[in-house]
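Q: Structure for this input, please:
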Amino acid sequence: MNHGSIKIRNLDLRDGHQSYFATRMTDEQIERVLSLYLDAGYDGLEVWGGATLDSSMRFLNQDPWERLEKIAKITNSKTNLTALARGINLFGYNPYPDHVVYDFIKLAVESGITIMRVFDALNDLNNLKVTIKAIKESGGKADCAICYTTNPVYTFAKKWKYFIKKREFPKSVFDVDYFVQKAVELEKMGADIITIKDMAGLINPEMSFNLISALKKKIKLPVNLHSHCTPGYAVTSHAAAMIAGVDILDVVSFPFSGGPSHPAVEIIIEYAKKFNIDTGLNEAKLPEIRKVLSEIRTELSQFDEYKNNIVDFSGTFTDEQHSLMNESIKYIKKKKFQPALNCVHKFEASLGLPAPDEPVRLAQIPGGMYSNMLSQLKQMKISHLLQEVLKEVPRVRLDAGLVPLVTPTSQIVGTQAVQNVMLKNRGKEAYSSCSTQYINLVRGEYGQTPVPISSEFRLKITKSKEEKRFDTSKWKHAEAPDGLVKNKKDQMLLDLFPSVALSFFEKREKAKESA
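A: Next comes the predicted model:
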């Protein structure tokens, strides 16, 4: 049973609007709502990282460093400011030299970040060593995330092929022991927090309960659960995690909740009360946040694919909704997780939240990856091949070492699956054409995969059986015309996003000249 209290981290100002509105919240919109969070009692606000740096420059013509500095000034150390980065990849596809990682982390902490969440797409912990060290030496806390994923679901035909070829069928890899062992290693490496980062929302309530329970027995660090609502598990899995003793939960405010985003804080508070768990939150401050975020969501409606699900939450639950929550809790305590899920789905439907995305749940892939594949197929006018692509994804993923599906591996695997299906429908062999990123992944440039890639497959894809890590020894700073780069932060943006940053700097210069 839980120890009586949990901390709550709010994601509205980063992952919330990234999930729902393609990261389009402007500096002005953030500043309009930011101060309201300070008296609400959140342990932390996720405000930076992820897609915010790229999107700020590319779509909003705003400086991401200036955004962070403004946020830090307004919050004035009254709460933790958190950010997300991909280990030694930071925000790009390729690893950066150690000194670039150090410089970025140092600048981020100096600009106001107190907790830096870092992860590696392959769960290769070697790719986090430098980042953890840089965070600690810069005075920040290292929130080390383990990418949650599941074992692929294989068709009967796929299993039969293994049988007739007398090959051993792939064993299950992603069980409780896998994630616990990663956490134990990260604790030894200096992590301050361990996060189970469930980017696809695939952690079901049973796994949530079992994994959090196991982690609390094996490590002494605070454990955080981060999940998305797309397949319909997240609220029930958060409730199960509370019973198991989770220390921190990631949430968003009701107007930004559900669907591709995260559980609503209002729902999580209500569950916590029923468990007699203190969240430390001041509920009286939440209605004003909801009011402003509802206005902002309307302003961002052109990017909102779920605008039909916008609901004005009154701040209280009906008797029927309380009854459904209470019933789900009874089932969770008895470890009857499917009936608990059924109750929660009825509860969410009564609130007008988006229904579970069945295609995403069955495909066991992130919602963003699914929509990207749909878009690719639509552009090529071959949408009718979707089911073939979904069957191809487990094969492509397994061949590449059973990688977790998170940025950038989700895009890499999804694109190659589409390409293989197209090739086969043209009478060509799968993998007869591969993306550069897939070749790099199989070569070993992204790091060590969860299961070894066969030397024969590596030879087929890369023309060599030898594994080869990415070499940063010849890396050079990106260059821009004289006068465009004003300081270290500009140079960092240029190194991370060369073309986007250069375009942003040029627009900034023209704006100054015409002012």
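Q: Run the chain-centre distance for stretch 228-241.
A: How far stretch 228-241 lies from its chain's middle: 15 Å, per CA atoms, centre = their mean, to the nearest Å.
Q: can you check stretch 190-204 too?
A: Stretch 190-204 sits 9 Å away from the centroid of its parent chain (CA atoms, centre = their mean).
Q: Can you list the buried residues in it?
A: 191-204 (16 or more other CB atoms under 10 Å). In short, each C-beta sits where N, CA and C put it, glycine included.
Q: CA atoms of it as CSV?
A: What follows is stretch 190-204 as a C-alpha-only set of coordinates in CSV (Å, rounded to 0.1, in the frame of the first residue of the first chain):
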residue,chain,number,x,y,z
GLY,A,190,23.8,8.5,-10.0
ALA,A,191,20.1,8.9,-11.0
ASP,A,192,18.0,11.0,-8.6
ILE,A,193,14.6,9.8,-9.9
ILE,A,194,13.5,6.8,-11.9
THR,A,195,10.7,7.3,-14.4
ILE,A,196,8.9,4.7,-16.3
LYS,A,197,8.3,6.6,-19.5
ASP,A,198,5.4,5.0,-21.3
MET,A,199,5.3,7.1,-24.5
ALA,A,200,2.7,4.8,-26.2
GLY,A,201,0.4,4.4,-23.2
LEU,A,202,0.9,0.6,-23.3
ILE,A,203,1.4,-0.1,-19.6
ASN,A,204,-1.8,-1.7,-18.5
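Q: still on that earlier bit, can you tell me which of the buried residues of stretch 190-204 is nearest H17?
A: M199 (16.2 Å; CB to CB).
Q: right, and that closest one touches H228 too?
A: Yes: using CB atoms under 8 Å, M199 is in contact with H228, at 6.7 Å.
Q: list the residues that contact both of those two?
A: The contact sets of M199 and H228 overlap at P366 (CB atoms under 8 Å, 6 or more residues apart in numbering).
Q: a markdown table for the buried residues of stretch 190-204, including secondary structure and distance to D27?
A: Compiled in a markdown table, those are given as follows (DSSP: H, G, I helix; E, B strand; the rest coil; distance: CB to CB, whole Å):
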| residue | secondary structure | distance to D27 |
| --- | --- | --- |
| A191 | coil | 32 |
| D192 | coil | 29 |
| I193 | strand | 28 |
| I194 | strand | 32 |
| T195 | strand | 27 |
| I196 | strand | 31 |
| K197 | strand | 27 |
| D198 | strand | 29 |
| M199 | coil | 26 |
| A200 | coil | 30 |
| G201 | coil | 29 |
| L202 | coil | 34 |
| I203 | coil | 34 |
| N204 | coil | 38 |
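Q: Quick check: the two most widely separated of those?
A: The span of the buried residues of stretch 190-204, defined through CB to CB, is set by D192 and N204 at 27.8 Å.
Q: quick check, nearest of the buried residues of stretch 190-204 to F504?
A: Distances from F504 to these, taken by CB to CB, are shortest for M199, at 27.3 Å.
Q: measure the closest one to N10 for me?
A: According to CB to CB, to the nearest Å, M199 stands 18 Å off from N10.
Q: dump the residue contacts of L423.
A: 429-433.
Q: Out of the residues you listed, list just those in helices.
A: Among the contacts of L423, none falls in helices (DSSP state H).
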